[in-house]
Structure formats: C-alpha cells, structure tokens
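K.L.:
Pasting the sequence and the predicted coordinates here, then a few questions.
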Amino acid sequence: MVGTLSACGGESDAGSGDKKDDGKITMGFAQVGAESGWRTANTKSIQEAATAAGIDLKFSDAQQKQENQIKAIRSYIAQKVDIIAFSPVVESGWDTVLKEAKDAKIPVILTDRAVDSKDTSLYKTFIGSDFVLEGKKAGEWLVKEYTGKTDTVNIVELQGTTGSAPANDRKSGFADVIKADPKFKVIASQTGDFTRAKGKEVMEAFLKANPKIDVLYAHNDDMGLGAIEAIVAAGKKPGVDIKIITVDAVKDGMTALADGKINYIVECSPLLGPQLMDLAKKVIAGETIPQRVLTEETAFTPEQAKAALPNRKY
Ligand code: GYE
C-alpha cells in the first residue's frame, strides 16, 4: 500500500510519461493540504478507500497553494493516469489546466470543493457537501437561540481560506439567514485560513478591538478551537461569555461541544473516499454518473455530541 503513495508535496514517477498497464486503475489525487482535522480525516478516507477498491493512488499535498495543485495535476497528465481527482483550494482559475486534462482524455472528478468554471464538461462530477446549507444551519441555530431577545447580538466571524468554496458559501448561507433580523450584527469578519494557529491569532485581534463580542461563528472546528484558546487567555468563558458555532464536527470539535465550550456544530463529512472510488470506477467503465453527488450531513448540540462521540470515526 505505502509503495503506491508518493510523499507529501511531491509526485512519484513524475514525467515518466509511461502508463503501466497492469489492468489497475491509476488515480492522481491532488489534495489541498493538511490544514485541519477534517483534511486529515479526508486524506485517510481517500487512501484507505483506494486500497480497498484496488486503485493505484498517486497522492500529492498542495500545502494550501493553488499553484502546487496545478503542478500536481499537470504531472498526473504527463504520467497518463487513468483519472484525476482533486479538491480545489480556491474556486477560480482552473479552466486552463482542466482543459489540458480534457485534451489528454483524462477524466476529472472534483471532490469536496467546487470550481466556478462555466464549462461543466471540464469535469465528470462534483462530490461534496452543500456549504451554503451548512451556513444556513449555523444561522438558523443562532436565530432560534436568540428568539424573543431584542438586544443587539455582536457576532465575529472566522472565515475559511479566502476564495475557497466553503468560505464563500458558509459566509453567504449564514448571512442570508441572519439578515432577516437587524439585531444580529457581524462586527468583524476575517480569514483564519481554516487553521488553529490563525484562528487563535485572529480571535486575539478581534478581542482586543471589540469589547463586546456575543457570538463567534467559525467556518471550521480548528479555527474555533484556536479561538477558544484566545478567549480563555482573555479571561472569558468560551460557550458562556461568547457563544460559539463551528462547522465540521471532527472529534476535537465534538469534545469541546460536549464540554460546553462550543455551543453548536454543523456537520461536514470528510469520509468521501468510498464514494469517490466508486464513481471513478463507473467513469472509467463508461457509465453515466450524476453531475452532482451530495454528502449526507446533520448538526449537533452538546447533548447530541456526547451521544455521538463514542462511535465517531474522525
Ligand atoms: O470544512 C475545513 C477544511 O473543504 C469542507 O476544508 C472542506 C473544509 C473543511 O480545511 O476544515
């Protein structure tokens, strides 16, 4: 198994141009990075599912940089892999490289994040979550939590990676729901790049600049967990003095939720591997597949987190 994977950041057999024909499907997968607990679980799911499906996986880690992902995709094209899958770091700027794959007759599957390319023939399908819906679920919880209250609710927002589909959509879905009531005010909104370290740093700045913060909405658990450290260091109680909503529901997030440090988590499943391998096999067999495959998800309160934690896979 390990032999079929290349090391992080690099590609094996780069530019060899020879396609091994051992009857096995070869998939080149260009991952975003290792920025969060979600991403680690997603990588594991893809690697394990490839092994289980007998698919030869070439894996690369772009360290959250689009240029690295484009390089990895070009190298997969040069290696004549059977299929390319990737989770685009940002939404824009993919047309050229996707066209190169199409010209080389290598099918592409988008996983997890979308691209904004107008030409949908550039990829076979997109499998992943509905991020707008996730943002809406976060907003709906907040509206319910403050029902019957009239005081202003000061909200700070930690956005995901600038230009990424989950950051764009989680922001807009949330904004759409809370705009119905003017008591909700987003007083600061900045990127924390989906990482704990940046979440902490930006929350420190938010706390310094704003004496009254009622709610933190973080686009993922990791940034929320980083922010919790900043809130504690500022002498405030996370989950009580500042209510916290996050997205993902990875184990560390769910533990903080069960402890009452986070108040609500909208689930986003990283376990895309098995469905991806299934779709890849169908594409290569020439079967028709849906243009969009949605993942099924829920959301958790502290009580529900306590119940779900013992069986949580990630
Ligand atoms: O929510 C975040 C990760 O694209 C859905 O990326 C994914 C997001 C996930 O870094 O934790």
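P.N.:
Okay, I see it.

K.L.:
how many neighbours does G192 have?
P.N.:
G192: 27 surrounding residues under other CB atoms under 10 Å. Any C-beta I mention is one placed from the backbone N, CA and C, and that applies to glycine too.

K.L.:
hmm, I was thinking of D116
P.N.:
With other CB under 10 Å as criterion, D116 counts 14.

K.L.:
list the contacts for it?
P.N.:
E91, S92 (CB atoms under 8 Å, 6 or more residues apart in numbering).

K.L.:
three-state assignment of it?
P.N.:
Following DSSP: H, G, I helix; E, B strand; the rest coil, we place D116 in the coil state.

K.L.:
now K198
P.N.:
Note that with three-state DSSP, the state of K198 is helix.

K.L.:
At which residues are the helices of this protein located?
P.N.:
For the chain, the helices defined by DSSP state H cover 37-53, 66-78, 95-103, 131-145, 165-178, 196-209, 221-233, 251-258, 273-284, 302-308.

K.L.:
So which of these is nearest the ligand?
P.N.:
helix 37-53 (3.4 Å; CB to the nearest ligand atom).

K.L.:
Identify each buried residue in that closest one, please.
P.N.:
37-39, 41-43, 45-47, 49-51, 53 (16 or more other CB atoms under 10 Å).

K.L.:
Helix 273-284 and that one, what's the angle between them?
P.N.:
Here helix 37-53 runs at an angle of 50 degrees relative to helix 273-284 (axes from the mean of the first three to the mean of the last three CA atoms, to 10 degrees).

K.L.:
Out of the helices of the chain, indicate the one that is most buried.
P.N.:
helix 221-233 (a mean of 24; mean count of other CB atoms under 10 Å).

K.L.:
Compute the distance from the centre of it to the centre of its chain.
P.N.:
19 Å (CA atoms, centre = their mean, to the nearest Å).

K.L.:
Can you name the residues in contact with that helix?
P.N.:
Applying CB under 8 Å, 6+ apart, the external contacts of helix 221-233 come out as 35-38, 158, 160, 192-204, 207, 216, 218, 237-238, 241-242, 244, 246-250, 252-253, 256, 261-262, 265.

K.L.:
Make sure E297 is actually in contact with S129.
P.N.:
Yes: between E297 and S129 there is a contact under CB atoms under 8 Å: 6.2 Å.

K.L.:
interface residues of this protein facing the ligand?
P.N.:
Residues of the chain lying near the ligand by CB under 6 Å from any ligand atom: 35-36, 38-39, 112-113, 166, 194, 220, 222, 247-248, 268.

K.L.:
Identify, from those residues, the entry nearest to D22.
P.N.:
D112 (28.8 Å; CB to CB).

K.L.:
check contacts around that closest one.
P.N.:
V32, N42, S87, I127, G128, S129, P270, L272.

K.L.:
mind running it again at 10 Å?
P.N.:
31-32, 38-39, 42, 46, 85-88, 126-129, 131, 164-166, 268-270, 272, 276, 295 (CB atoms under 10 Å, 6 or more residues apart in numbering).

K.L.:
excluding its backbone neighbours, what's nearest K58?
P.N.:
Spatial nearest neighbour of K58, excluding adjacent residues (CB to CB, 6 or more residues apart in numbering): G28 at 4.7 Å.

K.L.:
Can you tell me how far that neighbour is from K236?
P.N.:
46 Å (CB to CB, to the nearest Å).

K.L.:
Nearest residue to G160 in space, please, no chain neighbours.
P.N.:
A167 (3.5 Å).

K.L.:
Test my guess that the one you found contacts F174.
P.N.:
No: using CB atoms under 10 Å, A167 is not in contact with F174, being 11.2 Å away.
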